[in-house]
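**Q** Below: sequence and its predicted model.
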Amino acid sequence: MNNAPILIVNEDPDDWELLKEAWKELDFENPLIFYDNGEDVLQYLKNQEEPPFLILCDVNLSKMDGFELKEKILQQDEVKYKGIPFVFWSLIASNRQIKKSYDLGGNGFFLKGNSFEEIKDSLNEIVKYWQKSRVPE
């Protein structure tokens, strides 16, 4: 099982706290690393030999939205071939946003949910799916 970190890209500190609490209850071993902007994620990806297990990215970010981050990852050869699953995870989504996420090669678009239990269930399903799935090295 891949115990590399999971990158959470989300600007809302309240969401961070909910996710930390849900993560404790789910008892997965991967550490969570939180980012509130895409530039820091790109810097992390450039500087790490070992890729993260997964990137969970909110669509709505102020400096660089989730789509722009995914586009920038695709433009960087040293990052795009690391086989990192990139999952869009947002509170709401239009059909246009969902389509765009797949057009950019996103590996899924999930809704977080409105309650702690829904967020925890969504997070659990995403991680369990990627634990069983295989990506190129």
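**A** The structure has been received and is ready for your questions.

**Q** Next, count neighbours for Phe88.
**A** As a burial measure, Phe88 scores 26 neighbours (other Cβ atoms under 10 Å). Where you see a C-beta, it was placed from the backbone N, CA and C, and this is true even at glycine.

**Q** next one: phi and psi at Leu32?
**A** phi -100, psi 130 (degrees, to the nearest 10).

**Q** So it sits against Ala22, correct?
**A** No: the criterion here is Cβ atoms under 8 Å, and Leu32 misses it with Ala22 at 9.9 Å.

**Q** So for the two, which residue has more residues nearby?
**A** Higher neighbour count among Leu32 and Ala22: Ala22, with 19 against 16, using other Cβ under 10 Å.

**Q** Would you mind measuring from the closest residue to Met64 other than its chain neighbours to Asp58?
**A** Leaving aside its sequence neighbours, Met64 sits nearest to Gly38 (Cβ to Cβ, 6 or more residues apart in numbering; 3.7 Å). Per Cβ to Cβ, to the nearest Å, Gly38 is found 10 Å from Asp58.
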